[in-house]
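Asker: Curious how this folds, go ahead:
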Amino acid sequence: MIKRFIRRVFGLRGDAPIRTPRSKHGLSREEISPGALKVCDGLREAGFSAYVVGGAVRDLLLGTEPKDFDVATDARPEQIKPLFRRALIIGRRFRLVHVMVGRETVETSTFRAADPETSVAGSARAEGTRVQDEHGRVLRDNVFGSQAEDARRRDFTVNALYFDPATEGVIDYHGGLADLKKRVLRVIGDPATRYREDPVRMLRAVRLAAKLGLTLDADTRAPIRRLAPLMERVPPARLFDEMLKLLLSGHASACLRQLRDEGLHHGVLPLLDVILEQPLDERFVTLALAQTDERVLTDRPVSPAFLFAALLWHEVLAAWRAREKRGERPIVALEEAMDEVLDAQCEKLAITRRLTATMREVWVMQPRFEQRSGVRAQRLLEAPRFRMAYDFLALRAASGEVPAELETWWRAFQSADADSRKAMLVPETGPTKKRRRRRRKKAAPARDASPA
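Answerer: Residues are numbered from 1 along each chain as shown. Alright, predicted model coming up:
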């Protein structure tokens, strides 16, 4: 209300900023990373404006440590690059500059226009025009603009905050500070139009709301269920990147619950339709996500391959059992089941070959854990992916899928010495076939090639 009153009294337009001094929000230069400060100061010394923008400002205001710091400026990429010793222009849809300061990489972007008609004069000709498909999804948007236009183009009000290191003030065009105070996530502009421009914004809304503990604004939430089918048109690579961010956010369980609440789980990851409806699958995946969240929040390494292997395991298991019932040999059936599931998923999500190769190794080792006799147990212990496969076995045991005794045995076996391992081996049961030694053929006597 105060902001609306100020705008009305002073006749400010809707995109005029509210400049909040440090005394009101408490942010200072000391909270900004050295790399981002160096980029901002370098641009200002060259006569340009420069601000820390987006998620870093939002996170600092919420009292959490930002993952990285981005800078927005009125300088063009070709003007930014010469100012820094280690800088690289990247991007095809929109060019920006990665400035390397020590071990920190600062993504530095030029202010972008919300649409070509309101762009800075000449930039539309220089950088191309805005292109949309028949559903409203933006295919190309390489138009430079002003700071006000750049703020209007951003997705959520809490991401459209600009921190000025020179004055230590926050510039707020769309009420992001008020929304943070109310802990509300609100789309800038008409939600349906913004979702049509980029359907991934619906996933991002769910991820940010769950990660930051924010409530989706009613207008922001309303069109999501109706527009969920637009996710079908998102390129698989983009969908994979966004799903990976969601699953490795440290709040994956909350994200998936909200995906279901908003009607976005159907078709995003086909396996989620099954996971969220079958008790055994849900327990297994819930445990996997809880473990992942714990590792992310405690800054321990997380393997995306392990997580996707867990998410897809029961699809593989169902296909494997179905093939065995049709009479296929177990190992062949497992190989075919893995191919079937990964082909279906990679059509929707561009899971990299490096990840799928690791997932296959983890899956194919699971039946081998049941072999605890002879040299097979020792060979399994020496496999490169043994530790990951064992953790997967432990997850299966915790969910009740396999006997807990199996996991306990392998936990003890891997930590035992050589003599103890021999004593732990389970005797082979049933008839064992003796390997027949092949008889070596005697060499035929050499023929005398001399004439008689």
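
Asker: which non-adjacent residue is nearest residue 398?
Answerer: Spatial nearest neighbour of residue 398, chain neighbours left out: residue 287 (5.6 Å); criterion: CB to CB, 6 or more residues apart in numbering. All C-beta atoms are positioned from the backbone trio N, CA, C, and that covers glycine.

Asker: So that neighbour, which state does it fall into?
Answerer: On the three-state scheme (DSSP: H, G, I helix; E, B strand; the rest coil), residue 287 is labelled helix.

Asker: Quick check: it vs residue 143, distance?
Answerer: According to CB to CB, to the nearest Å, residue 287 and residue 143 sit 47 Å apart.

Asker: In terms of neighbours, single out the busier of the two.
Answerer: When neighbours are counted by other CB atoms under 10 Å, residue 143 comes out ahead of the other of residue 287 and residue 143, with 25 against 17.

Asker: I'd say the more buried one and residue 110 touch.
Answerer: No. At 10.1 Å, residue 143 and residue 110 do not qualify as touching, with contact defined as CB atoms under 8 Å.

Asker: Quick one: residues contacting residue 416.
Answerer: Under the criterion of CB atoms under 8 Å, 6 or more residues apart in numbering, the neighbours of residue 416 are residue 424.

Asker: Helix or strand: which one has residue 408?
Answerer: Secondary structure from DSSP states H and E places residue 408 in helix 404-415.

Asker: distance between that helix and the chain's centre?
Answerer: Relative to the centre of its chain, helix 404-415 is centred 33 Å away, using CA atoms, centre = their mean, to the nearest Å.

Asker: outside of it, which residues touch it?
Answerer: Applying CB under 8 Å, 6+ apart, the external contacts of helix 404-415 come out as 369-370, 372, 377, 381, 386, 390, 393-394, 396-397, 421, 424.

Asker: just for this protein, where's the confidence low?
Answerer: Counting by pLDDT under 70, the chain shows low-confidence ranges at 1-16, 23, 93, 114-142, 266-281, 429-452.

Asker: And the strands in it, which stretches?
Answerer: Ranges of strands in the chain, per DSSP state E, are 18-20, 50-53, 70-73, 87-90, 96-101, 104-110, 131-132, 138-140, 161-164, 169-172, 184-185, 215-216.

Asker: now the last one: how far from the chain's centre is it?
Answerer: When C-alpha coordinates are averaged (CA atoms, centre = their mean), strand 215-216 and its chain have centres 21 Å apart.

Asker: Mind checking the strands of the chain for the one nearest to residue 224?
Answerer: For the strands of the chain, proximity to residue 224 was assessed by CB to CB; strand 215-216 is nearest, at 8.2 Å.

Asker: contacting residues around that closest one?
Answerer: By CB under 8 Å, 6+ apart, the list of residues contacting strand 215-216 from outside reads 183, 184, 185, 205, 209, 262.

Asker: List the strands paired with that strand, with their directions.
Answerer: Taking DSSP bridges as the criterion, strand 215-216 pairs within the sheet with strand 184-185 (parallel).

Asker: quick one, domains of the protein?
Answerer: Residue ranges for each domain of the chain read 1-111+146-182, 304-424, as given by automatic domain parsing.

Asker: Any chance of those in TSV with distance to residue 189 as columns?
Answerer: What follows is these, written out as TSV (distance: least, CB to CB, whole Å):
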stretch	distance to residue 189
domain 1-111+146-182	7
domain 304-424	29
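
Asker: Could you pull up phi and psi at residue 28?
Answerer: Backbone torsions of residue 28, given as degrees, to the nearest 10, read phi -140, psi 170.

Asker: Give the closest residue to it in space, chain neighbours not counted.
Answerer: Closest residue to residue 28 apart from its sequence neighbours, by CB to CB, 6+ apart: residue 168 at 5.6 Å.

Asker: Check the gap between the one you found and residue 185 for me.
Answerer: Using CB to CB, one obtains 26 Å as the distance from residue 168 to residue 185.

Asker: Same drill for those two, tell me which one is more crowded.
Answerer: Neighbour count, other CB under 10 Å: between residue 168 and residue 185, residue 185 has more, with 24 against 18.

Asker: contacting residues for the closest residue to the more buried one other than its chain neighbours?
Answerer: The spatially closest residue to residue 185, leaving aside those adjacent along the chain, is residue 214, at 4.3 Å (CB to CB, 6+ apart). Residues touching residue 214, when contacts are defined by CB under 8 Å, 6+ apart, comprise 158, 183, 184, 185, 208.

Asker: Do a quick rundown of the helices in the stretch 101-250 of the chain.
Answerer: Using DSSP state H, counting those that start in this stretch, the helices found in the stretch 101-250 of the chain span residues 123-127, 147-153, 176-182, 191-197, 200-212, 218-221, 224-227, 236-247.

Asker: Relative to residue 17, which of those is closest?
Answerer: Using CB to CB as the measure, helix 147-153 is the one of those that comes nearest residue 17, at 7.2 Å.

Asker: C-alpha coordinates for that closest one, PDB please?
Answerer: The C-alpha atoms that make up helix 147-153 are tabulated as PDB, following Å, rounded to 0.1, in the frame of the first residue of the first chain:
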ATOM      1  CA  GLN A 147      17.100  -1.800 -16.400                       C
ATOM      2  CA  ALA A 148      13.300  -1.300 -16.000                       C
ATOM      3  CA  GLU A 149      12.800  -3.600 -19.000                       C
ATOM      4  CA  ASP A 150      15.200  -6.100 -17.700                       C
ATOM      5  CA  ALA A 151      13.300  -6.200 -14.400                       C
ATOM      6  CA  ARG A 152      10.000  -6.700 -16.200                       C
ATOM      7  CA  ARG A 153      11.400  -9.600 -18.200                       C
END
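
Asker: Residue 27 is in contact with the residue nearest to residue 28, correct?
Answerer: Yes. Residue 168 is within contact range of residue 27, at 6.5 Å (criterion: CB under 8 Å).
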